[in-house]
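Asker: Turn this into a structure:
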Amino acid sequence: MEKKFLIFFSSVFLIIFYCLLPNTYNLKVRADECDTPSSLNLNQISGCLTKLNDDLGQISKANQTNKQQLQGLQLQVNNLKTQLNSLSQQLDLKEEEINNRNAKLDEQYQQLSVAIRSFYVESYYPNLLSVLLKSTNAQEALFQARLYMFLSRRNRNAIVNLVNDLNDLTKSKDELDKNITQLTAIKGKIDEQADFLAGEVAKASAYEQQLTNKISSLTARQQEILTAKAEVFQTSVGEVPLADDPAASPNYNPGFSPAFAVFSFGAPHRKGLSQYGAWGRAKSGQSAEDILHAYYGGGIEIKKDYSTSININVQGYGSYNIEDYVKRIYEMPSSWTDNDSAALRAQAVAARSYGLAYTNNGSGSICATENCQVFQPGEKGGAWSAAVDATRGWVLVANGQPFSAWYAASSGGYNFSYTSNGYSTPGIWDTKCGNRTCWTNDAYEKIAASPWFYKAWYKERDGSTCGRSHPWLTEEEFADILNAWVVFSKGSDEDHKHVTPTDTGCWGGDPYSISQMKDKANSLSGSYSSISSVSVDYSSDGSTNSVRVSTNNGEVSISGSDFKTIYNLRAPGKISIKSSLFNLEKK
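Answerer: Here you go, the predicted model:
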């Protein structure tokens, strides 16, 4: 085809030049098994397999997140495949159009060749003067002259029109060629992206399996430690002294440096109403309704005429009318009377709703401990009873039924979503601005001066500490946490079993000593001995996303959930991380 074009263009140029046409034309074309040794004999081990600890829950959450991400990636891959099919169809259409145009060019070529040949032959006719001289009379001469000029103009115009049409067709073909080149390049890039995403899916799947293997490889002893240290306990403020402890504050001086400690934001399940947050909101002028909608969502119904004749059966105490039952709930200090006791009123509605939901409108029974709601046989009285009376018949309802209104002392500034009766509460940053940008300064729990808001844990709830008087670690102890992470991540299943606290008098077992852990880590990928800086990254969903540590062996980055697991498995005594939202400090 290219040779045909070359011959054709050459012929046209020569003929146009020969005939001295007044215009020239540009014809250029553009181009774990859970088995406890009897010798350990710890009382706590009885419940080690009945529930997973918060950290294992976080790993499971990470697994679920991975699955969702994998699904999202797979959707993208499928999307790209659809786009590739569409592009291939477009390419086929372009190629078909080019073939059609090539056929038209062949047809035009044949037509133009005839016209050129005719004009070439005519160019050898006698010129106009000789035609006139050979005419026998003026009339014949005029006729011959007009005929000559007509044929000349017709053939010249035919050449010009065909050349212009040929030029347009050639330009169009050039543009189509460019489009094909561009589409092919795009297709190649999308193929690369699809391959990359497929690789990411494979990596995520492998990581998910790795996490699953880690969980299954945990021994009964390790599960016991994690259950005790990362306990997702249900607790409320109640009528007890503030849970403040100077040693648990970041301002505490441990007497050595460098020193390292992890501070948890909040401690319990972090779902539903935050009691300290509700008090902070009341201090900020919010009403009981505002507080309830903030924690349970704008879609929850606050029904203010719910039946007050329902009786609640309290295990060990008998039956009480719903309103009398709520007056005996000891979950929030009566001193929290800011803004017409808005926090107490919101708590009364939450307690009433929870009791009705738990017992299915009185058809079942409810326990009297914090595992349900703290109940005492005598009325609490004072501002609490007044708040109960002020909200008489107020119940949170979802889909026609009482909503299980969870609550706890502190969420650390972020409240997780949960679902009951087919209704889901929102996941929220419990801050004045409604997001993370003003956390932590404008967190409502901080406004209420919650001692649970930012706390380093080194005691169990019964006060035991395994001999530790504060939560701070020495540089050697903190480096040992990092070495334990290496061993747990890269060592054998047998190595995993030795990742437990070194104080066997408290936890028992057969842990690697600090020096043994360091040697084992060194044999795997290098050990750590000194730390120059520590920092964390937070995710938008209220968790610590990653921990970064600058060490003698370079910078280390560990996912928040993995760090929490290793820290709770290896940190000495009762030192632990209680929340998935935490910070790491060095002094």
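Asker: does Leu356 really touch Ala405, like I thought?
Answerer: No: contact criterion Cβ atoms under 8 Å: Leu356 and Ala405 do not qualify, at 9.5 Å. Using the backbone N, CA and C atoms, a C-beta is placed for each residue, glycine as well.
Asker: Could you list the domains of the protein?
Answerer: Annotated domains of the chain cover 2-31+48-217, 220-232+244-263+459-586, 273-447 [automatic domain parsing].
Asker: so for the shortest one, what's the average pLDDT?
Answerer: Read that as domain 220-232+244-263+459-586. Averaging pLDDT along domain 220-232+244-263+459-586 gives 92.
Asker: Then the longest one?
Answerer: If you average the pLDDT over domain 2-31+48-217, you get 54.
Asker: Relative to Glu445, how far out is Gln223?
Answerer: Applying Cβ to Cβ, to the nearest Å, the value for Gln223 to Glu445 is 31 Å.
Asker: One more: Cys438?
Answerer: 13 Å.
Asker: Compare those two (neighbour count), which wins?
Answerer: Each of Cys438 and Glu445 had its neighbours counted (other Cβ atoms under 10 Å), and the higher figure belongs to Glu445 (29 against 14).
Asker: if I pick the more buried one, what's in contact with it?
Answerer: 266, 274, 276-277, 280, 410-413, 430, 452-453 (Cβ atoms under 8 Å, 6 or more residues apart in numbering).
Asker: tell me which element it is part of?
Answerer: helix 444-447 (DSSP states H and E).
Asker: Same check on Val397?
Answerer: Using DSSP H and E, Val397 falls in strand 395-398.
Asker: ok, that strand: who's next to it in the sheet?
Answerer: Strand 395-398 has its sheet partners listed here by DSSP bridges as strand 301-303 (antiparallel), strand 401-402 (antiparallel).
Asker: Single out the most deeply packed of these.
Answerer: Compared across the strands paired with strand 395-398, strand 401-402 shows the largest average neighbour count, a mean of 20 (mean count of other Cβ atoms under 10 Å).
Asker: Now the element after that one, going C-ward?
Answerer: Sequence-wise, the next helix or strand downstream of strand 401-402 (DSSP H and E) is strand 407-408.
Asker: helices or strands up against that next one?
Answerer: Under the contact criterion of 3 or more Cβ pairs under 8 Å, 6 or more residues apart in numbering; DSSP states H and E, strand 407-408 touches strand 273-274, helix 338-358.
Asker: Reformat those as CSV; add mean neighbour count, distance to Gly297 and mean pLDDT.
Answerer: Output for those, formatted as CSV (neighbours: other Cβ atoms under 10 Å; distance: least, Cβ to Cβ, whole Å; pLDDT from 0 to 100):
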stretch, mean neighbour count, distance to Gly297, mean pLDDT
strand 273-274, 32, 12, 96
helix 338-358, 26, 13, 97
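Asker: Tell me which of these lies nearest to Pro511.
Answerer: With respect to Pro511, and counting by Cβ to Cβ, the nearest of the helices and strands packed on strand 407-408 is strand 273-274 at 36.8 Å.
Asker: Touching that closest one from outside, list them.
Answerer: So strand 273-274 is contacted by 266, 291-292, 295-296, 346-347, 350, 405-411, 415, 430, 444-445 (Cβ under 8 Å, 6+ apart).
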